[in-house]
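Visitor: Below: sequence and its predicted model.
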Amino acid sequence: MPFIINNRHFMKEEKRMLEMLNKMWIGATCRLHNFVEDFKHEEKGAAEIVAIILVIVVVIAVVVVFRERIMDLVSNTFDDADKVKDTSFLEIGNLKTLL
């Protein structure tokens, strides 16, 4: 008789485990389905990434094409800034001599 009781107990445990596995399977299936649906309908992020990459490629292409002009522009700007700096120091020096 004890064997039958243990067998019934085993059958109850087996049934409970199968129910738990079914719930886990249903939950995983629902999560997978929701993920697939969200992935199909969510295109905004991918489009933004593609747009950003295209902008970066265009900027790099412009820099490569106009590299010499950009270098000349930057060097001229720094030369002008140095001239202004030197002039302002000379003016400050002249003011000190006048005072």
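Guide: On my side now, so go ahead.
Visitor: Return the distance of the helix of greatest length in the chain from the chain's centre.
Guide: If you go by DSSP state H, the chain has its longest helix at helix 2-41. Relative to its chain's centre, helix 2-41 lies at 37 Å (CA atoms, centre = their mean, to the nearest Å).
Visitor: lowest-confidence helix or strand of the protein?
Guide: Lowest on mean pLDDT, DSSP states H and E among the helices and strands of the chain sits helix 67-98, with a mean of 75.
Visitor: picking that back up, residues contacting whatever helix or strand comes next after the longest helix of the chain, please?
Guide: Proceeding C-terminally, helix 2-41 gives way to helix 44-65 as the next helix or strand, assigned by DSSP states H and E. Applying CB atoms under 8 Å, 6 or more residues apart in numbering, the external contacts of helix 44-65 come out as Ile70. Where C-beta positions appear, they are placed from N, C-alpha and C, glycine not excepted.
Visitor: which parts of helix 44-65 are buried?
Guide: Buried residues in helix 44-65, counting neighbours by 16 or more other CB atoms under 10 Å, are absent.
Visitor: Could you export it as PDB, CA atoms only?
Guide: Extracted C-alpha coordinates of helix 44-65, given in PDB (Å, rounded to 0.1, in the frame of the first residue of the first chain):
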ATOM      1  CA  LYS A  44      11.900  54.600 -36.200                       C
ATOM      2  CA  GLY A  45      15.200  53.600 -34.500                       C
ATOM      3  CA  ALA A  46      16.600  51.900 -37.600                       C
ATOM      4  CA  ALA A  47      15.700  54.800 -39.800                       C
ATOM      5  CA  GLU A  48      17.400  57.300 -37.500                       C
ATOM      6  CA  ILE A  49      20.600  55.300 -37.400                       C
ATOM      7  CA  VAL A  50      20.700  55.100 -41.200                       C
ATOM      8  CA  ALA A  51      20.100  58.800 -41.400                       C
ATOM      9  CA  ILE A  52      22.900  59.600 -38.900                       C
ATOM     10  CA  ILE A  53      25.300  57.300 -40.800                       C
ATOM     11  CA  LEU A  54      24.500  59.000 -44.100                       C
ATOM     12  CA  VAL A  55      25.100  62.400 -42.600                       C
ATOM     13  CA  ILE A  56      28.500  61.300 -41.200                       C
ATOM     14  CA  VAL A  57      29.400  59.900 -44.600                       C
ATOM     15  CA  VAL A  58      28.500  63.100 -46.400                       C
ATOM     16  CA  VAL A  59      30.500  65.200 -43.900                       C
ATOM     17  CA  ILE A  60      33.500  63.000 -44.300                       C
ATOM     18  CA  ALA A  61      33.200  63.200 -48.100                       C
ATOM     19  CA  VAL A  62      33.000  67.000 -48.000                       C
ATOM     20  CA  VAL A  63      36.100  67.200 -45.800                       C
ATOM     21  CA  VAL A  64      38.000  64.900 -48.100                       C
ATOM     22  CA  VAL A  65      37.000  66.900 -51.200                       C
END
